[in-house]
Each structure stands twice: as structure tokens, then as C-alpha cells.
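[1] Quick one, structure for this:
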Amino acid sequence: MKTEDIMAKVNGIRIQKVLSENGVMSRRKAEEAIAQGRVTVNGHPAQPGNPVDPARDVIAIDGVRVQLRKKKQNVYIMLHKPRGFVTTTSDELGRRCVTDLVKDAPAHVYPVGRLDRNSEGLLLLTNDGAFANLVMHPSNHISKTYRVTVRPDVSDEQAAKMSAGVMLDGRMTLPATVLVLEKQDGRVVLQITIQEGRNRQVRRMCEAVGLEVARLKRTSVGPLKLGMLQPGQWRELRPGEVAALRNAASKKQAGGLSE
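    Below you'll find the model as predicted:
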């Protein structure tokens, strides 16, 4: 590797590449302009292969500063969605949208997947389309866990049917994990973990075996848990959490789970 390439890799991006990627001129034209002494970096004549930092360095051509595009900042957010909000960026009926809760986020974000209006809990939002597709893609089967309050009671047969799979839209759901957390007169709290994300799936699974859902709260997506985040509150994901979600999706792809 040439010395200038090593410098560019360590200290910044080669100036020809910066000018080309920002649509100022082609790399060849940039090299010609640099050789002619028309390009400066922070007031000093540029050299071929000059490593620059687009966020800090001032590049000028013929004395005129080049306006560089700011690099897009990927933002990953966990929101505790309250009941009564729709999982959209806007609503023609004037209903409250989850994006109303993250207006002070550092970038414009959109929901990853859905939680219906009467459901609550963990909802991811991002401006990273590749990440959203990775998490949502049906073939990746990222697990999702819900705390579900149902009425009036749950029999072993009903729980077994949901665990094995029920028929929705002409095809069986994947096997699920169904645990009984609490039992009281007229109500039962279940923990249900699914490996797919069909429309209103958990509610419809319960309805398919004759159960009425009184409350539904998503508590985790893959390795990410809602924790103590309060309804309406949000926080940015830590880099390790983003990496863990990516890793969970990648493992599913490699594992070959199929519907």
C-alpha cells in the first residue's frame, strides 16, 4: 500500500474521494485541480492524496469554500410506547403517533415494525433502513416477548395450542413459548415469546383459542429488554445493544430457521 493511502486510511479520507463523493468534480478532475494549485485545505495548498476530515477541514477551490454534505448520523431508539398511540409517522384520522413522542430525537426516525394502538411496550425507531430491514425481515425470526393479560382463564389445552402453533391467514404460526406468570379470579397473565411478527399476531393467537386479551405489553425484542423505561419515555440504544440485535439477526440467518 502506498504511503499516501496509509495516511488517508489512518488520518482521514483522500481529498480526491471527498470532492468526488460530494459531487464537486470527478477524481481525475480533482487531481488535475490539485496539481494546478487550485485546491487548498485549511488555507494551505492541497497535495495529491491529502487525507482530510470532511467534518473539520475547510476545502476551497479557487478561493471558494466547498460545501460538503454532512455524513448521515444513524440513530437507534428504544421507546416505551403507551397505549393509545398508533405506530405511524402521521395519521389521517388525527390520532396520536409514536413519532410525536420522539420529536426531540437527534434525527428524524421511523418505527421498526408495529405495535397496535391498544398495545404498549418496547418499540424500536431508527433512520437506518438496512438495520430496520434486518430486524423486521421475516426470515430472521427475531424473538419478541410479550406480557399478556387474558380473560377469563387459560386451560392447559389452550396454552398447548398456542405453543404448537395456530392457523392464521391460512398458515400455521411458528412454535411459541407460553408461560403462566399469574392467575387470579377471571384473569391470567401470560408471557408469550414468538419468533415471527405477523400483524397483531399475539392478540390473534389468543383469540384463535378463545381468549380475550385485556392488556398486551411487549417486554423484549431479541436480546433487548424494556427494563424500567417508563411509558412515553425513550432512550438511544448503546452501541453494544445495536450490535447484539444485528448479531441476533445474523445468527438466525445462518441457522436457517424457516416457517
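[2] Report the helix or strand with the lowest average pLDDT across the chain.
    Sorting the helices and strands of the chain by mean pLDDT, DSSP states H and E puts helix 3-11 at the bottom, at a mean of 41.
[3] Can you list the strands that whatever helix or strand comes next after that one pairs with?
    As assigned by DSSP states H and E, the chain's next helix or strand after helix 3-11 is strand 13-14. Its sheet considered, strand 13-14 pairs with strand 51-52 (antiparallel) by DSSP bridges.
[4] what's the following helix or strand after the partner strand?
    Using DSSP H and E, the helix or strand that follows strand 51-52 towards the C-terminus is strand 59-61.
[5] which strands and helices sit next to that following strand?
    helix 15-21, strand 39-41 (3 or more C-beta pairs under 8 Å, 6 or more residues apart in numbering; DSSP states H and E). The C-beta positions use only the backbone N, C-alpha and C, and glycine is treated the same way.
[6] again, only using 10 Å
    helix 15-21, helix 27-35, strand 39-41 (3 or more C-beta pairs under 10 Å, 6 or more residues apart in numbering; DSSP states H and E).
[7] Nearest to C206, out of these?
    helix 15-21 (51.4 Å; C-beta to C-beta).
[8] who touches that closest one?
    Applying C-beta atoms under 10 Å, 6 or more residues apart in numbering, the contact partners of helix 15-21 are 8, 12-14, 24-31, 33-34, 39, 41, 46-54, 57, 59, 61, 66, 68-69.
[9] List buried residues within these.
    Buried residues within the contacts of helix 15-21, counting neighbours by 16 or more other C-beta atoms under 10 Å: 8, 12-14, 24-25, 30-31, 33-34, 39, 41, 46, 49-52, 54, 57, 59, 61, 66, 68.
[10] how about L134, what does it touch?
    Per C-beta under 10 Å, 6+ apart, neighbours of L134: V112, D128, N140, I142, L245, R246, A248, A249, S250, K252, Q253.
[11] Now the two most distant members of these.
    D128 and K252 (18.5 Å).
[12] which SS class is R235?
    strand (DSSP: H, G, I helix; E, B strand; the rest coil).
[13] count of neighbours near it?
    Using other C-beta atoms under 10 Å, R235 has 11 other residues around it.
[14] Contacts only, for it.
    Counting by C-beta under 10 Å, 6+ apart, R235 has contacts I77, M78, L79, H80, G227, L229.
[15] what's the most distant pair in those?
    Longest distance between any two of these is 14.3 Å, between I77 and G227; criterion C-beta to C-beta.
[16] and the contacts of R235, which of them are in strands?
    I77, M78, L79, H80 (DSSP state E).
[17] now the residues you listed in JSON lines, with pLDDT?
    Below are the ones in strands among the contacts of R235 laid out as JSON lines (pLDDT from 0 to 100):
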{"residue": "I77", "pLDDT": "97"}
{"residue": "M78", "pLDDT": "98"}
{"residue": "L79", "pLDDT": "98"}
{"residue": "H80", "pLDDT": "98"}
